[in-house]
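Peer 1: Here is a sequence together with a model predicted from it:
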Amino acid sequence: MNGQQVHLTLDAPGERLDKALGDALPQLSRVQWQRLLKEERVWVNGRLATKPSQRLIGGEQVVATLPEPVETDIIPDDIPLDIRYEDDDILVVNKPAGMVVHLGTGHLRGTLVNAVLAHCPEVLGVGGEVRPGIVHRLDKETSGLIVVAKHDAALRHLQDQFKAREVKKVYLALVEGQIRPPQALIDAPIGRDVGHRKRMQVVTDPSRESRSAQTEYYTRTVYDQYTLVECRPLTGRTHQIRVHLAYLGFPIVGDRIYGRRKQRLAIKRHFLHAAQLGFKRPLDNQPLTLTAELPPELQTILNQLPAVGYAAELTDY
């Protein structure tokens, strides 16, 4: 069968095969792994595997044949990018709120991918999918730092760091209420909301499918009815920070999915910003830490709120 062969070791006892594969090689989504299993492209311990729900014992040796990269019709868009760092391997962009990261239904133009392709066309084909070069994601209404790989070796270098939880991510969020306790580790698994498939939720029922999720938060500034918190996600689940803070009873300001439908502040987006990103450069494996200030629309809101508590500076890891 034509395609690139990859060899993986799955050390995830009790885990579903498709989920473990997605964790081991996150450049392919779980749905894509399910398709590869159905197409008989995956072998586990020398035997053909076709069932995504197969439970693992631990230490399984996997050989998978990935399809050749498919030519796509992604159209470069000459959209200005706020580039915070660039070398021959990577590009770090300060993404504005309102920009979708990659192509999808209803989003074929104007995405970060379209803009990046106009800036560096060599990214096309990196990763072999319609998300060329994309290593991680930010929600549409989340602003801040995101790193893009310019070639496959850089992509794997960064993916390995994300998988090993070596990438340092710091977000700033304004939440409803004065958060208590002022700092904590939220350790609560996240899964799909059974009533709303496009939403996520904390899952407390052990019989339901979920993924472990941990978020550290620290109070930065206390206001009369709000708190500015610094969040450090230790895992990378969909909507993780938004779901975790809402679960505590302190949803993010402007988040109409997990928070108030009728907002008390005049804000058109949710107040969540990827303020700091730290990782090792593919170029020389040296640490690189970048910081992005709050965008004007969020800073303006803070300037209008009188602080009643302490304020701490954004701290490096």
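Peer 2: Okay, I see it.
Peer 1: Over to Ile301. Which of the three states is it?
Peer 2: Three-state assignment for Ile301 (DSSP: H, G, I helix; E, B strand; the rest coil): helix.
Peer 1: pretty sure it is touching Arg264, no?
Peer 2: No - Ile301 is not in contact with Arg264 according to Cβ atoms under 8 Å; the separation is 11.1 Å. C-beta here means a position set from N, CA and C on the backbone, and glycine is covered the same way.
Peer 1: With neighbour numbers in mind, choose between these two.
Peer 2: Neighbours were counted for Ile301 and for Arg264 using other Cβ atoms under 10 Å; Ile301 has more, 19 against 10.
Peer 1: tell me the secondary structure for Gln263?
Peer 2: Gln263 - assigned by three-state DSSP - is coil.
Peer 1: What are the boundaries of the helices in the chain?
Peer 2: For the chain, the helices defined by DSSP state H occupy 17-24, 30-38, 112-119, 152-163, 240-248, 296-303.
Peer 1: got those as JSON lines, with mean pLDDT and distance to Ile134 columns?
Peer 2: Output for the helices of the chain, formatted as JSON lines (pLDDT from 0 to 100; distance: least, Cβ to Cβ, whole Å):
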{"stretch": "helix 17-24", "mean pLDDT": "90", "distance to Ile134": "15"}
{"stretch": "helix 30-38", "mean pLDDT": "85", "distance to Ile134": "14"}
{"stretch": "helix 112-119", "mean pLDDT": "94", "distance to Ile134": "7"}
{"stretch": "helix 152-163", "mean pLDDT": "92", "distance to Ile134": "9"}
{"stretch": "helix 240-248", "mean pLDDT": "98", "distance to Ile134": "18"}
{"stretch": "helix 296-303", "mean pLDDT": "96", "distance to Ile134": "24"}
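Peer 1: of all the ones you listed, which lies closest to Val194?
Peer 2: Closest approach to Val194 among these is made by helix 240-248 (14.2 Å; Cβ to Cβ).
Peer 1: Now do that closest one: everything it contacts.
Peer 2: 139, 171, 173, 175, 179, 186, 188, 190, 200-202, 213, 215, 217, 229, 231, 233, 237, 251-252, 255, 257-259, 270, 272 (Cβ atoms under 8 Å, 6 or more residues apart in numbering).
Peer 1: in the protein, which residue is closest to the centre?
Peer 2: Arg137 (3.9 Å; Cα atoms, centre = their mean).
Peer 1: so who does that one touch?
Peer 2: Val101, His102, Ile146.
Peer 1: what's the answer for Thr50, then?
Peer 2: Here Thr50 is in contact with Leu37, Lys38, Glu40, Val42 (Cβ under 8 Å, 6+ apart).
Peer 1: on that earlier part again, pipe the helices of the chain into JSON lines and attach distance to Pro76 per row.
Peer 2: What follows is those, written out as JSON lines (distance: least, Cβ to Cβ, whole Å):
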{"stretch": "helix 17-24", "distance to Pro76": "29"}
{"stretch": "helix 30-38", "distance to Pro76": "24"}
{"stretch": "helix 112-119", "distance to Pro76": "4"}
{"stretch": "helix 152-163", "distance to Pro76": "19"}
{"stretch": "helix 240-248", "distance to Pro76": "31"}
{"stretch": "helix 296-303", "distance to Pro76": "27"}
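Peer 1: Nearest approach to Gln4 belongs to which of those?
Peer 2: Nearest to Gln4, of all the helices of the chain, is helix 152-163, at 9.7 Å by Cβ to Cβ.
Peer 1: Would you mark the buried spots in that closest one?
Peer 2: Neighbour counts over helix 152-163 (16 or more other Cβ atoms under 10 Å) mark Asp152, Ala154, Leu155, Arg156, His157, Leu158, Gln159, Gln161, Phe162 as buried.
Peer 1: Once you drop chain neighbours, what's closest to the first one?
Peer 2: The shortest distance from Asp152 to any non-neighbouring residue, by Cβ to Cβ, 6 or more residues apart in numbering, is to Val126 (5.7 Å).
Peer 1: residues contacting that neighbour?
Peer 2: Counting by Cβ under 8 Å, 6+ apart, Val126 has contacts Pro132, Gly133, Ala149, Lys150, His151, Asp152, Leu155.
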